[in-house]
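A.B. asks: Coordinates for the following, if possible.
(2 chains)
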Amino acid sequence: MSTTRPESFASVRRYSASSLGGLGVAGAVLVVLALLPSLVGESIVNRLTQLFALLILAVGWNLLAGYGGMVSIGQQAFLGLSSYAVLYLSLHGVLAWWGVPLAILFAGLVSVPISFLAFRLRGSFFAIGTWVIADVCLLVVAQIETLGGGAGASLNDLNGYDPTTVDNVTYWVGLAIVAATLAGCALLLRSRLGLALVSIRDDERAAEATGVNVARTKRIVYVLSAAICAGAGALLILENLEVQPDSTFSVQYSAFMIFMVLVGGIGTFEGPIVGAIVFFALQQWLASYGVWYLIILGAVAVIVTLWLPKGIWGTIDPNNRRSLVPLRHRVRLLQKADSQHQREVIQSP
Amino acid sequence: MMVWINAIVQGLLLGGLYALFSCGLSLMFGVMRFVNLAHGDFAVLSAYVAYVLVEHLGGTPLWTFAIVIPASALVGFMLQRLLLDRALIGGELSPLLVTFGLSILIENLLQQGFGANNESLFVGSLSYDSWKINNSIYLGRLQVIVFGIAVLLIASLQLFLSRSRPGRNMRATADNRRAASLSGVNERRVRATATAIALATVAVGGLFLAMRTSFTPTSGSNDLIFAFEAVIIGGLGNLWGTLLGGLILGVAQTVGSQINPADGILAGHLVFLAILAYRPQGIIASRYAVS
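C.D. replies: Numbering: from 1, shown residues only, chains lettered A, B, ... in the order given. So this is what the prediction gives:
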């Protein structure tokens, strides 16, 4: 028997103290949030639902741009399509709450053919190309009279229920989508596909050369990101109980997504969560100042990109050592001559 | 029949204006490999500057060209030196994100200053004078002048790129940044010149657009999309291609409006998507942008 089996040189650890702690805290937060509607008033529940929608959007955009390297300013296409899918289904007898998973599925399916068109473009051109596609969705949907045309329509499905129940169920739907999105992203990034994705983010050519199927991986990420944005779209129509083409397909959502991800820290798991909370706080604080908050938003986006490119999380945790989620592979090289002497090699997504 | 011919003729005239918008976008992309997402907003910004100048000093908006164009070029130069040069160090995403942030900033500052109303630059009888071709085709004088200036501007820009020393430096940088730099081209100056020229042309486009139709603080987004579509339809790396792309987009929009008044923009988008699907390198083949 050979004594130089690779296993004897190295061991791989995936959990660290911070990531185990992070998972514990995440679980506790989830339980508290799930119980919250019985503890606090309606206005807090409604505000948290809005935060959930922002969080979902940020995570979806970060997956696409931060990990997939695809800056899109057209994700509002899937947000709007999913809102309208919920509306359409409710007009055809599907209760709005049950329409949510169907709407997400619908937007995910639509994103497949769209990806073939959008992937003809790269970089800057991909960004504007996706914007044009979102504009096409807006112009087409605004012409469908049965869905309210350009004026939009309201979701009358849930009128028969007690308003507090409606708010609470919408909140739980939002929480479920947030939990599913975060857990799904964590599992994705831990998987083989996640490793491929991270390698594409770091260097597309090198990834291709080492046998990663770049086109397929990017397409999967694009579709997943579309489905995630669709989750936010479905949640937003439940929250607002109405939908208007000009606002649901608004490029402003892209501005929000970019802001949250940049400020939080692009290409990190924790970044978009931090960014969504910061953005939400800013929104609550500056809401009474009208457009000034958008002006500040634009200015902060410029400043952060130029002078704080790693965002808040990337600055707190520059070498990805304090990750709250077990995404990394830490390889310990056990040197034979001196097994006490260990070196740690870190590969981090 | 005449209606359709009229739609095509008007579309060609409109297309000239789109080409005027796009050549700056094309130039900046050539030199720096990114699309300035605030491109359209700079057009609208210059229209508002002209609007304010006329409001306070009177006269026809035509004289404001003399101030707005050099001012816009200067803004371009500063923009490159202060923000974009820095953004370019940060990799592929940074310039996109910075210019998108600028776009939000400009749109909302304008919204704050001027409200969301439609504004327009009124140029006296030039606004409505026209040459009558026959009973169903009239050529607006302003439209024809804009078209002429667009073609003239693109021709001189092309001449500048192929004949002058700074123009050749620009093309060299577009072809191979490092090789150009090694042969003594001052890359920083080339970038600042390109952005200055781009913003000067976009100011011309913005003023003409404001004279032809109306503008709002947020109409820059549409201008950017149209400019971008013209560039892709025509094919990158060639200003004549951009002109052709602008003309095709203009015709698609006016013919679309003729079919159904609400469908003009949609028709333009669909032609763009069709080109993307069947001829992604553009009508005149390009080397960039397409995988």
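
A.B. asks: Which residues does the worst-scoring helix or strand of chain B on mean pLDDT contact?
C.D. replies: Least confident helix or strand, chain B: strand B:130-132 with a mean of 81, by mean pLDDT, DSSP states H and E. For strand B:130-132, the surrounding residues in contact (C-beta atoms under 8 Å, 6 or more residues apart in numbering or on different chains) are B:138-141, B:144. Where you see a C-beta, it was placed from the backbone N, CA and C, and this is true even at glycine.

A.B. asks: Can you give the distance of the following helix or strand past that strand from its chain's centre?
C.D. replies: Next helix or strand after strand B:130-132 toward the C-terminus (DSSP states H and E): strand B:138-140. For strand B:138-140, the separation from the chain centroid amounts to 23 Å (computed by C-alpha atoms, centre = their mean, to the nearest Å).

A.B. asks: Stretch A:312-325 too?
C.D. replies: The answer for stretch A:312-325 is 18 Å, by C-alpha atoms, centre = their mean.

A.B. asks: In TSV: the contacts of strand B:130-132, plus neighbour count, pLDDT and distance to residue B:274.
C.D. replies: Formatted as TSV, the contacts of strand B:130-132 follow (neighbours: other C-beta atoms under 10 Å in any protein chain shown; pLDDT from 0 to 100; distance: C-beta to C-beta, whole Å):
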residue	neighbour count	pLDDT	distance to residue B:274
B:138	16	83	30
B:139	17	85	29
B:140	18	85	29
B:141	16	87	34
B:144	14	91	29
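
A.B. asks: The strand or helix carrying residue B:191 packs against which elements?
C.D. replies: Per DSSP H and E, residue B:191 falls inside helix B:187-212. Judged by 3 or more C-beta pairs under 8 Å, 6 or more residues apart in numbering or on different chains; DSSP states H and E, the packing partners of helix B:187-212 are helix B:2-32, helix B:39-57, helix B:65-79, helix B:85-89, helix B:141-163, helix B:165-175, helix B:177-182, helix B:220-234.

A.B. asks: so where's the stretch 151-291 of chain B uncertain?
C.D. replies: Residue ranges of the stretch 151-291 of chain B with pLDDT under 70: B:285-291.

A.B. asks: Which residues of it lie near chain A?
C.D. replies: B:221, B:224-225, B:228-229, B:232, B:262-263, B:265-266, B:269-270, B:272-273, B:276-277, B:280, B:289-291 (C-beta under 8 Å from any C-beta of the partner chain).

A.B. asks: Produce a ChimeraX select command limited to the buried residues of these.
C.D. replies: Selection of the buried residues among these in ChimeraX, burial being defined by 16 or more other C-beta atoms under 10 Å in any protein chain shown:
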select /B:221,224,225,228,229,232,263,265,266,269,270,272,273,276,280,289,290
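
A.B. asks: how many other residues sit next to residue 183?
C.D. replies: No chain was given, so I picked chain A. Per other C-beta atoms under 10 Å in any protein chain shown, the neighbour tally for residue A:183 reads 13.

A.B. asks: Actually, chain B is the one I wanted.
C.D. replies: Residue B:183, neighbours per other C-beta under 10 Å, totals 10.

A.B. asks: How about it, nearest residue that isn't a chain neighbour?
C.D. replies: residue B:172 (7.2 Å; C-beta to C-beta, 6 or more residues apart in numbering or on different chains).

A.B. asks: For that neighbour, give its distance to residue A:95.
C.D. replies: Per C-beta to C-beta, to the nearest Å, residue B:172 is found 64 Å from residue A:95.
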